[in-house]
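In: Kindly generate the corresponding structure for this input.
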Amino acid sequence: MRSGKPGGEAHQRMGRISVLLCDELPVVLNGLSAALSAYPDIEIVGTTVDGAEGLQMVSALQPAVVVTDFSLTGMSGLELARHIVRMRRQLNGPRVLLFSAKMDDPVVCIPGSITQTATALGCHARRDTAVGC
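Out: Below is the predicted model:
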């Protein structure tokens with residue numbers, strides 16, 4: 001499920017926040033896209049169910065923000081976030097929001113694991129089952 005428009009930086013210059021959405025479930029992608037598209041200052045520049053494709057899309061689309069589930073096909077959301085954080089340190093890459101809607105996800109359910117993951121990735125904010133970095 002790939003969609004996108006090149007030129008994420010151009011979208012930022014126009015005063016809009018360009019967002020790439022990554023989730024293994026198309027129904028979640030559709031819901032997130034619909035909800036976020038309701039805000040005039042947010043533009044969804046791409047969606048994907050695959051982490052490896054998400055990484056390629058980050059390079060091609062240069063979004064300001066990547067919203068990704070922990071669980072993706074091809075590459076996990078955690079691994080995707082690690083690559084993006086590394087990219088951000090080198091090339092001013094996007095901010096990342098990691099989330100999970102699965103209450104049985106071991107990464108979410110183990111106490112302290114979100115904090116440890118966020119710290120290891122250099123994240124600056126955390127809330128509930130979402131990790132922002």
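
In: which stretches of this structure aren't confidently modelled?
Out: 1-14, 91, 101-119, 122-133 (pLDDT under 70).

In: Next up, phi/psi of Leu98, please.
Out: Note on Leu98: its backbone torsions stand at phi -90, psi 140 [degrees, to the nearest 10].

In: Distance check, it against Phe70.
Out: 6 Å (Cβ to Cβ, to the nearest Å). Placement of C-beta: from N, CA and C, glycine included.

In: Looking at these two, which has the bigger crowd around it?
Out: Higher neighbour count among Leu98 and Phe70: Leu98, with 28 against 24, using other Cβ atoms under 10 Å.

In: hmm, back to that, quickly list what's touching both of Leu98 and Phe70.
Out: Contact with both Leu98 and Phe70 is made by residues 77-78, according to Cβ atoms under 8 Å, 6 or more residues apart in numbering.

In: For the stretch of helix or strand Glu53 belongs to, which helices and strands make contact with it?
Out: Using DSSP states H and E, Glu53 sits within helix 51-61. Under the contact definition 3 or more Cβ pairs under 8 Å, 6 or more residues apart in numbering; DSSP states H and E, helix 51-61 sits against strand 3-4, strand 17-22, strand 42-48, strand 65-69, helix 77-91.
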